[in-house]
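>>> pasting the structure only:
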Ligand code: AMP
């Protein structure tokens, strides 16, 4: 913002005008009758905030129609030019034209005629500013212009709080730094494992927060801040969860509790979770009776009833104690008598006692215990009162009395000799056990991963061997230096059209110019960012007529847009491969620029597969993938990185051949609706892009391989959207946490294994396109290799809201259910067969589904799997494991 004071060099002058009833000062010039006008108007020095390398200039102006000047219209112009010059200091009134660089030609959208006045507003961007400030200048070359205002501004991402991390206000970057990475700070009482980060786009938008903060234990999230748990609630660990009410029999502490300790007289067993409820001690067993079967044999059966109050636990056990009394002298029975099955740890409410002495009096006591008994009675506060060389005197506090305790409390003291040698031996045993446990788990995990990788390795080895054999037969001894045929032919490398100073030269070099009269447009078949795409005919004299697709550039384009548009042709023109869309030529020498390519009858692959869901067998799908992989191998061999490989950018012809399309520079991602960042550097289609490419824009053939893995999944799933309705952020988080897409339904195991290889975090470990082509070829040659189907979980893989509709409620009708699994076309079949309620659907067997007219195997399976999922009411899986 701010006011600009302008200086004139030439005929610009301040003119007061009345516009729409208000008074305005304008800078005006109107020398339309004279030749070779060169009138300059310069602003004062505009200081720049250091981070603002990209500023916007918004101009309001009026341009008079040249036709209104009669004879003068010959020399009259209707545009003027915007210039800029950077400087580290204010140079005062010194003005040197040579120091200014042209930013843009400014043309009005609407011309002002005698009768009608039009105020135009145009905004231009000045990029890559680096010095302390700059000047703007307006050059008039013979127009009749009035400048009303010039507003200079830059964009910022405002200070914000996202996922409990606060991020400072950040100046948006420019072309050279399209995404500014900004580190955040967790809010008070929140913590995070990794530094929270976010990106500020050129447009001043925050996107893709990474690494979120979570409220620490004792705190929960309330409106972008962490608040202590309320009294009576607790939270044990840092997480996104809410505080939970204290469980049964625990003390309701003040706010901010990490755990709720047990109420007096209640306990947790060591195996109980510290966040779970506490339980009391069981009350005494009831109705103890002794039955003498045959006293002469000294045998007695004791039985009793379980305690009235189990303290809320089910792990009740009993123990028996026996005292032998002679007169008033009682003593423990010791080991003289036998208990069957045992005297402690009884789960049954009876025990038989034998080898009793018929002349003595016995007193039996039965005690009930539970998991908390031992813990409850453990004395924790023991003090040494006195000690001599042969004695110790100890004291302890009397424990608060448990709830039900009818007997006097007895204490038991155990002691152990501490012998160093034994102690050490103990430790060794422990360590050995740990080592073993470790080794076992390691072995198991290796076996699981190894099993997956095994198939892959075996196949590769076979292939490499065969290839070696072949090359040996073909090559003579003199070329044994060359291990592969590729090294014999010089590698062609892709040339970035940007390396040409004039992009038009690049187009001419790589593309054939076509005369527009040889092109016939027939029908609009699509829309690109630059204009319509037509189907048409190309008839070059002396050559056969061919069906073509014609991409057009819509009117009103800028020079930059024209160059971007044609850059696609400059790139495509360098390629020549069966699986890359072929460029027929371009029209550049006429007003309406066009790009003409071969025509692909079946259009984009994602749409095509969705329209033919379930109609192809695995080997046909793998055949398509093989073609795409071959095209990508060709591109990667030429060192071309696609960056937007996705089924929507693959085209299919009438023989089901798949070809890679959508080339170009900035435009590739600009016009992709999946693109996420609105930056001048291009957007990123998150769910197709490798993590390193998202994280630090490391786009390589290895990141293309990742995208190819996603395309494999799209193809095997008949055009299903990768990661379904998960948000981009959820996708990034899942990938970060090593989750990967599950196998699509009916996907051959070998194909799914290959996908997983494409999605390895470490990009150097991913297969290369050459490897992929070879493996797919191999699979296609031996159809049996496609017979083993990867494990498939209907609940996660089709994201059938299998137990319920999208809002979580059960399906209300058969048609609602069919719609959710995209099988609406069978609605009528169900109705006609009298299947009108979901209960009836649940009764259906595979045979029934076939009988009502679902014939395609893919559809049959989809419906059957969905019913399977519907039956499994317990499942609410939302993520999937590797
Ligand atoms: P694009 O701007 O390249 O993404 O093209 C837009 C749409 O036009 C595509 O999604 C296709 O449906 C269609 N299209 C583009 N090129 C061709 C072609 N060579 N043959 C058939 N359809 C095409």
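Here it is on my side, so go on. These numbers come from a predicted model, not from an experiment. Numbering: from 1, shown residues only.
>>> and this structure, which residues reach the ligand?
525-526, 528, 533, 549, 581, 597-600, 603-604, 651, 661-662 (CB under 6 Å from any ligand atom). (Each C-beta comes from the backbone N, C-alpha and C, glycine too.)
>>> how about a cut-off of 5 Å?
526, 528, 533, 549, 597, 599-600, 603-604 (CB under 5 Å from any ligand atom).
>>> Just the buried subset of these, please.
Listed as buried from those are 528, 533, 549, 597, 599-600, 603-604; burial here means 16 or more other CB atoms under 10 Å.
>>> returning to what we had before: filter the residues of the chain next to the ligand down to just the ones in strands.
Those of those mapping onto strands are 526, 533, 549, 597, 603-604, per DSSP state E.
>>> Which member of those is positioned nearest the ligand?
residue 526 (2.4 Å; CB to the nearest ligand atom).
>>> For the closest residue to the closest one other than its chain neighbours, which residues count as its bridge partners?
Ranked by CB to CB, 6 or more residues apart in numbering and with sequence neighbours excluded, the top spatial neighbour of residue 526 is residue 533, at 4.0 Å. Residue 533 forms beta bridges with residue 526, residue 551, as assigned by DSSP bridges.
>>> Among the ones in strands among the residues of the chain next to the ligand, which has the minimum pLDDT value?
Least confident of those in the model: residue 526, at 84.
>>> quick one: contacts for that one?
Neighbour list for residue 526: 532-533, 603 [criterion: CB atoms under 8 Å, 6 or more residues apart in numbering].
>>> and if you look at residue 555?
Here residue 555 is in contact with residue 592 (criterion: CB under 8 Å, 6+ apart).
>>> Double-check that it belongs to a helix.
No. Using DSSP: H, G, I helix; E, B strand; the rest coil, the secondary structure at residue 555 is coil, not a helix.
>>> Against the ligand, how distant is it?
Distance of residue 555 to the ligand, given as CB to the nearest ligand atom, to the nearest Å: 17 Å.
>>> do the same with residue 642
Distance from residue 642 to the ligand, by CB to the nearest ligand atom: 13 Å.
>>> Can you pull out the low-pLDDT segments for the protein?
1-9, 72-73, 175-176, 293-297, 374-381, 397-491, 664-682, 793-809, 871-882 (pLDDT under 70).
>>> Near the nearest residue to residue 356 once chain neighbours are set aside, how many other residues are there?
Among residues not flanking residue 356 along the chain, residue 298 sits closest, at 4.2 Å (CB to CB, 6+ apart). Residue 298 is flanked by 15 other residues according to other CB atoms under 10 Å.
>>> same thing with residue 326?
Counted with other CB under 10 Å, residue 326 comes out at 10.
>>> cool, residue 720 as well?
Residue 720, neighbours per other CB under 10 Å, totals 23.
>>> What of residue 13?
13.
>>> Relative to residue 49, which of the buried ones among the residues of the chain next to the ligand is nearest.
Nearest to residue 49 out of those is residue 528 (CB to CB; 37.4 Å).
>>> hang on, the closest one packs against residue 551?
Yes. Taking CB atoms under 8 Å as the contact criterion, residue 528 and residue 551 are neighbours in contact, 5.8 Å apart.
>>> Where does residue 198 fall, secondary structure wise?
strand 197-201 (DSSP states H and E).
>>> Which residues does that strand contact?
Contacts for strand 197-201 (CB under 8 Å, 6+ apart): 156-157, 162, 165, 167, 170-173, 178-184, 206-211, 677-679.
>>> which ones among those residues are found in strands?
Per DSSP E, these map to strands at 156-157, 162, 165, 167, 170-171, 179-183, 206-210.
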